[in-house]
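[1] Sequence first, predicted coordinates after that:
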Amino acid sequence: MERKPGMNGLSQQVRKVVIFALTLVLLLSTQPAWAAEPGTIAPETPELTAESAKAFLDEFFASDAAKSMYTGAAVVIVKDEEVLASEGYGYADAAAEKAVDPDTTVFRLASVSKTFTAVAIMQLAEQGKLDLDGDIRQYLPEGLSYINPYDTPVTVADLLTHRSGFAPSEPLATDMVTDLSVYVSMEDYAKERMPNVVREPGSAYKYDNYAYLLLGLIVQNVSGQPYETYMADNVFAPLGMSMSGFELKGDLLDNVAVAYDLSGQPYDTYFYLPNIMPHGGMLATAGDVARFMTAFLNEGATPDGGRILAAASVKEMEAYRSLIHPLLPDTTYGFESPMLLPQTASSTRVIAKYGDLPGNSSMLMFIPDEDVGVFLTYNSNSVLRNVFYQQFMGTFFPEDLIPLAAPAGFVPGDAAELARYEGLYVDLRMSGIVSRVSAAEQDGRAYLAIHDAYLGTRPLEQIGEHLFVDSMTQTLVAFRVDGEGNATHLREGALNPLGYAEKAPEGVGFADVAEDDPYEPYIRVWQSLGLYPNDAAQSFRPDEPVTRAELARDLLVISGLTQAIPRDTYAFADIAGHELAPFIQMAADMGMVLGDGQGNFHPDRPAARQEAAVMVWNVYRSVYPLDAIDQATTLAGDYDPWAEDAIRMAVTFGLHGPEVVSGADGSVDFLGKATLTRREAAAFYYQLMFQPVQQIVTQLMQQTQAE
């Protein structure tokens with residue numbers, strides 16, 4: 001069977017956000033009977049026992065809904081330091097019909113690895129080898145430096161709780177490799193990708209893979225052992241976790257589950273760079289993870305009377321360190337809040353850790369007060385764990401599904417009070433996710449509305465101070481306000497619940513763009529979002545063309561891909577030495593740009609409008625099918641045949657400014673061969689950021705099916 005490599009980075013990011021958003025819709029439409037009134041205890045809530053756990057798992061994984069979400073899965077449930085259930089379902093390798101065995105099938109734990117890295121840090125803190133409140137500079141290897149413009153240092157605790165203040169430094173598409181002979185060390189990787197501090201350390205929650213890479217380097221540097229050796233000697237061996245590690249070789253390689261994409265096709269065997277990933281590279285069986293769970297619930301004690309952690313350290317790992325609202329806690333040392341489900345808040349009684357890699361998803365959760373732990377892992381990416389969590393908690397612990405309701409006597413804010421929340425909010429981790437919040441009034445009632453490109457516009461219902469419910473997803477949206485009562489951040493559960501979005505400053509305009517210019521609102525938005533200088537004294541040069549290199553860079557940056565690493569060699573002969581060569585190469589890596597067929601890119605040539613459409617379509621077509629594009633629209637004007645599908649896409653999705661209008665006969669001239677000017681590019685980028693493409697696609701697909 002032909003195996004496929006991973007999808008490009010931008011497509012993966014788009015698909016991940018879309019999948020998460022659709023997860024919430026699925027949960028709303030498939031809630032079981034018990035979920036009709038979240039937070040209420042069912043008349044006969046069953047006790048969690050070995051028998052009830054096994055019955056629940058067998059029924060859940062045998063259901064048609066669950067079967068459509070996994071190829072192979074392993075799950076363990078622990079209570080009172082005993083394993084109640086340890087089960088495998090489906091196939092570790094579908095082609096070979098090799099069944100999943102929880103004790104022998106190895107899964108990629110992805111970000112669940114972070115919990116184990118946190119354990120190592122806590123061990124070293126117990127030994128007095130590091131201070132959780134200490135500046136990380138004293139624990140990092142020499143040569144690993146960064147700029148911190150604040151008086152507040154980045155501490156070890158900041159790394160543990162995803163509040164480092166570092167700029168995003170996420171894995172790139174080229175980090176996923178299938179050549180098992182490739183080797184890149186943690187230290188070399190970290191030096192190449194080291195970000196600077198861009199906000200005060202400890203001030204805001206942003207999920208941070210790089211922070212846990214640094215924690216792995218701290219473990220290695222402070223202990224004097226390679227990270228993977230330290231973990232084997234001090235975590236895995238004391239627990240008897242003989243089928244766990246961070247190196248894809250030997251028994252782990254021989255027994256690793258095949259990873260499957262969304263269509264059920266297998267990926268090539270792969271790993272991510274660096275080869276040892278403290279933030280996401282752990283491999284283990286579910287049975288091994290159960291050994292860790294029993295020790296964690298036993299206050300760090302191992303079955304032989306030893307310890308992996310002191311009881312006090314376990315308590316430290318269970319405690320939430322920050323929150324934007326009491327119903328929306330952020331993180332602990334090594335864990336995060338449980339997933340946001342429709343119509344429910346997050347219970348602080350539950351700590352969780354989730355992990356995702358291509359073709360692998362995992363969930364580790366504890367309810368310490370109940371001495372209960374659950375680990376679920378499966379070799380695909382789907383909403384299985386979301387549905388599982390909802391049904392497991394609803395069956396055995398419905399009291400922890402806290403209902404969303406305004407307290408008695410609560411009076412929502414009026415228009416003046418709601419105005420404080422208005423503005424653009426940029427996700428701190430994925431800057432390509434931007435939410436527009438605005439106050440409105442209907443029938444004499446003031447309300448807030450939130451809009452993004454993934455779910456469109458929906459009203460927010462206020463149920464508390466700075467707390468709202470998204471009317472579509474039925475999940476919480478909370479705002480943080482400063483000492484003067486002005487909103488500074490929001491956290492929402494629809495697109496990226498793992499972190500905050502920061503309110504962007506108002507755009508101030510440019511000296512050479514009149515306020516009545518139809519493109520001026522688009523240009524101001526991009527000043528606000530940082531693509532253009534936010535300086536009213538500067539000139540914008542609105543009629544100048546955008547070059548091909550600038551276009552490629554801008555499309556990546558507005559999508560949240562702001563890191564471009566210089567290369568020794570490049571895909572195109574004419575970009576070496578160009579200041580934007582790393583961005584052009586990134587675009588080439590993901591198939592966004594293809595060059596002229598003769599090995600050149602022509603980076604400084606003015607970009608044609610049809611080229612802009614093609615660059616976007618090269619990414620979108622891996623996410624959206626061609627039949628999602630409106631084929632009924634008649635295209636007019638001059639364009640090349642190779643750009644026709646892309647132009648139809650741009651017209652269908654409304655990716656253009658006021659320069660594109662429909663003719664009297666309904667035909668549309670996209671002006672395909674015309675040069676893309678800077679003002680037109682601002683409008684094109686704006687529509688890319690805010691047009692609800694997923695909704696448009698869904699509507700067109702429904703129309704097509706109806707016909």
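    Happy to help now that I have it.

[2] going forward, measure contacts between C-alpha atoms and count neighbours the same way
    OK.

[3] doesn't Gly281 make contact with Leu252?
    No. Contact criterion Cα atoms under 8 Å: Leu252 and Gly281 do not qualify, at 12.0 Å.

[4] What about Gly216, how many residues nearby?
    28 (other Cα atoms under 10 Å).

[5] mind checking how far it is from Asp330?
    Look at Gly216 and Asp330: by Cα to Cα, to the nearest Å, they are 22 Å apart.

[6] For Arg678, list the residues it contacts.
    541-546 (Cα atoms under 8 Å, 6 or more residues apart in numbering).

[7] Tell me the secondary structure of the nearest residue to it once chain neighbours are set aside, please.
    The shortest distance from Arg678 to any non-neighbouring residue, by Cα to Cα, 6 or more residues apart in numbering, is to Pro542 (5.0 Å). Put simply, Pro542 is coil when judged by DSSP: H, G, I helix; E, B strand; the rest coil.

[8] Report the central residue of the protein.
    Note on the chain: the residue nearest the mean C-alpha position is Asn496, at 5.9 Å, using Cα atoms, centre = their mean.

[9] pull the helix or strand with minimum mean pLDDT from the chain.
    Every helix and strand in the chain was compared by mean pLDDT, DSSP states H and E; the lowest is helix 9-29, with a mean of 45.

[10] after that helix, next one along is what?
    helix 50-62 (DSSP states H and E).

[11] Now that next one: buried residues?
    50, 53-54, 56-57, 60-61 (16 or more other Cα atoms under 10 Å).

[12] Show me what the helix or strand harbouring Glu550 is packed against.
    For Glu550, the host element (DSSP H and E) is helix 548-558. Where contact means 3 or more Cα pairs under 8 Å, 6 or more residues apart in numbering; DSSP states H and E, helix 548-558 is packed against helix 581-589, helix 678-690.

[13] Any chance of JSON lines for the ones you listed, columns mean pLDDT and distance to Val426?
    Shown next, in JSON lines, are the helices and strands packed on helix 548-558 (pLDDT from 0 to 100; distance: least, Cα to Cα, whole Å):
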{"stretch": "helix 581-589", "mean pLDDT": "95", "distance to Val426": "22"}
{"stretch": "helix 678-690", "mean pLDDT": "97", "distance to Val426": "11"}
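
[14] out of everything not next to it in sequence, what's closest to Ala415?
    Ala446 (5.2 Å).

[15] OK, contacts around Glu318?
    With Cα under 8 Å, 6+ apart, Glu318 has these contacts: 332-333, 335, 351, 368.

[16] try 7 Å
    With contacts defined as Cα atoms under 7 Å, 6 or more residues apart in numbering, the neighbours of Glu318 are 332, 351.

[17] what do you get for His279?
    If you count contacts by Cα under 7 Å, 6+ apart, then His279 has 111, 113-114, 209, 212-213 around it.

[18] Val235 now?
    Ile308.

[19] Could you check which helix or strand contains Ala446?
    Assigned by DSSP H and E, Ala446 falls in strand 445-452.

[20] mind saving the C-alpha coords of whichever helix or strand comes after that strand as PDB?
    Later in the chain than strand 445-452, the nearest helix or strand by DSSP H and E is strand 456-464. Taking C-alpha atoms only, strand 456-464 is exported to PDB below (Å, rounded to 0.1, in the frame of the first residue of the first chain):
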ATOM      1  CA  GLY A 456     -18.300  33.300  11.200                       C
ATOM      2  CA  THR A 457     -20.200  35.700  13.400                       C
ATOM      3  CA  ARG A 458     -22.200  34.600  16.500                       C
ATOM      4  CA  PRO A 459     -23.600  36.500  19.500                       C
ATOM      5  CA  LEU A 460     -22.100  36.200  23.000                       C
ATOM      6  CA  GLU A 461     -24.400  35.900  25.900                       C
ATOM      7  CA  GLN A 462     -23.100  37.400  29.100                       C
ATOM      8  CA  ILE A 463     -23.400  35.100  32.200                       C
ATOM      9  CA  GLY A 464     -21.000  36.800  34.600                       C
END
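
[21] got the buried residues for the helix or strand hosting Thr115?
    Assigned by DSSP H and E, Thr115 falls within helix 113-126. Buried residues in helix 113-126, counted by 16+ other Cα under 10 Å: 113-124.

[22] Tally up the residues packed near the residue nearest to Ala415, please.
    17.

[23] give the contact list for the closest residue to Met363 other than its chain neighbours.
    In space, and not counting its chain neighbours, Met363 is closest to Tyr354: 4.6 Å by Cα to Cα, 6+ apart. Taking Cα under 7 Å, 6+ apart, we find Tyr354 in contact with 111-112, 362-364.

[24] Same check on Arg541?
    Asp512.

[25] Check what pLDDT it gets.
    Per-residue pLDDT puts Arg541 at 98.

[26] how far out from the middle of the chain is stretch 531-545?
    Using Cα atoms, centre = their mean, to the nearest Å, the distance from the centre of stretch 531-545 to the centre of the chain it belongs to is 32 Å.

[27] Buried residues in that stretch, which are they?
    532-534, 540, 542, 545.

[28] now the strands: where do they sit in the stretch 251-400 of the chain?
    All strands of the stretch 251-400 of the chain, identified by DSSP state E, counting those that start in this stretch, fall at 271-272, 283-284, 323-325, 328-329, 344-345, 351-357, 360-367, 372-378.

[29] Check what contacts stretch 681-690 and list those residues.
    Counting by Cα under 7 Å, 6+ apart, 452-453, 519, 522-523, 654-657 sit against stretch 681-690.

[30] Looking at these, which has the smallest pLDDT value?
    Lowest pLDDT among the contacts of stretch 681-690: Ala453, 91.

[31] Go ahead and confirm it touches Val697.
    No. Using Cα atoms under 7 Å, Ala453 is not in contact with Val697, being 11.9 Å away.

[32] what about stretch 364-384, average pLDDT?
    97.

[33] May I see the buried residues of stretch 150-169?
    For stretch 150-169, by 16+ other Cα under 10 Å, it's 153-169.

[34] Off-centre distance for it?
    19 Å.

[35] Endpoints of that stretch, how far apart?
    Using Cα to Cα, the two ends of stretch 150-169 sit 19 Å apart.

[36] For Pro303, what are phi and psi?
    phi -60, psi -30 (degrees, to the nearest 10).

[37] What separation do you get for it and Pro238?
    Distance from Pro303 to Pro238, by Cα to Cα: 9 Å.

[38] who has more neighbours, those two?
    Pro238 (19 against 15).

[39] and the more buried one, helix, strand or coil?
    Pro238 - assigned by three-state DSSP - is helix.
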